[in-house]
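Asks: Need coordinates for the following:
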Amino acid sequence: MVLVSKVRRVIAAGVALLIGGGLGTSAFAEEAPPSGAQPLSAVELHKLYRDKTWTWDNGAVRFIDDGRRFLAWVNGEKGESYGEGRFTLSDSGRLCLRGKWTDSSGTQANTTCFLHREAGGTIYQKRENDGVWYIFRHDPVRPGDEVNTLTADDTVTQPVDAIRRKFNG
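Replies: Predicted coordinates:
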């Protein structure tokens, strides 16, 4: 459970980076995929994230299948923010969030991508560029796996609407 909490903090920090925050060093051990691990296909990524909410300690992102849209919110060190845009999937195992993030100081465009590899049924994930690999889902799934933070419940729309109201008076 400690690992999941640390992973969520790193992911949330990554999202906070989109709105100008910093990403510190990883607080958990790197778990690189073995040689021969294969990228997840766009179809596999779609099955994993389609119409799901990925919940973090201080926010969440909703992957809306219709139009491949995403909606997200964060309440981090720099305060509340929300993001909206489109997500893309590729056969190279990339899931990218391309959109605009709004906080109390304004709106800015940004893109954040995550890489996914699979070996023996275990899925590995990392934030592209500056992330570290970790096990996203064991095979079989374990109680502390990050994949367990994906849910069909929409816990994003209401917080985003509330943040929008604050910013728009």
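
Asks: Quick check: next helix or strand after the helix or strand bottoming out on mean pLDDT in the chain?
Replies: Every helix and strand of the chain was ranked by mean pLDDT, DSSP states H and E. The lowest is helix 2-18, at a mean of 43. Sequence order places strand 38-39 as the next helix or strand after helix 2-18, per DSSP states H and E.

Asks: low-scoring stretches of this structure, by residue?
Replies: Scanning the chain for pLDDT under 70 picks out 1-29, 169.

Asks: Just give me the longest strand of it.
Replies: Counting by DSSP state E, the longest strand found in the chain is strand 106-119.

Asks: who does that one pair up with?
Replies: Partners of strand 106-119 in the sheet, by DSSP bridges, are strand 38-39 (antiparallel), strand 94-103 (antiparallel), strand 122-127 (antiparallel).

Asks: Redo these as JSON lines? Include mean neighbour count and distance to D153.
Replies: Every residue, glycine included, has its C-beta placed from N, CA and C. Formatted as JSON lines, the strands paired with strand 106-119 follow (neighbours: other Cβ atoms under 10 Å; distance: least, Cβ to Cβ, whole Å):
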{"stretch": "strand 38-39", "mean neighbour count": "14", "distance to D153": "28"}
{"stretch": "strand 94-103", "mean neighbour count": "20", "distance to D153": "19"}
{"stretch": "strand 122-127", "mean neighbour count": "22", "distance to D153": "21"}
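
Asks: who wins for proximity to C113 among those?
Replies: The closest of these to C113 is strand 94-103. By Cβ to Cβ, the value is 4.0 Å.

Asks: any chance of the strands paired with strand 106-119 in a markdown table, plus distance to V74?
Replies: Formatted as a markdown table, those follow (distance: least, Cβ to Cβ, whole Å):
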| stretch | distance to V74 |
| --- | --- |
| strand 38-39 | 27 |
| strand 94-103 | 8 |
| strand 122-127 | 15 |
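
Asks: Relative to D154, which of those is closest?
Replies: Using Cβ to Cβ, the nearest of those to D154 is strand 94-103, at 16.8 Å.

Asks: contact partners of that closest one?
Replies: 18-20, 39, 45, 49, 61, 70, 72, 78-90, 107-116, 128, 163-164, 167 (Cβ atoms under 8 Å, 6 or more residues apart in numbering).

Asks: So how do I select the buried members of the residues you listed in PyMOL?
Replies: Typed into PyMOL, the next command selects the buried ones out of the contacts of strand 94-103 (criterion: 16 or more other Cβ atoms under 10 Å):
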select buried, resi 18+19+39+45+49+61+70+72+80+81+82+83+84+85+87+88+89+110+112+113+114+115+116+163
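
Asks: Report the beta-bridge partners for T53.
Replies: R62, T151.

Asks: and of the strands paired with strand 106-119, who's closest to D65?
Replies: Taking Cβ to Cβ, strand 94-103 is the member of these nearest to D65, at 13.5 Å.
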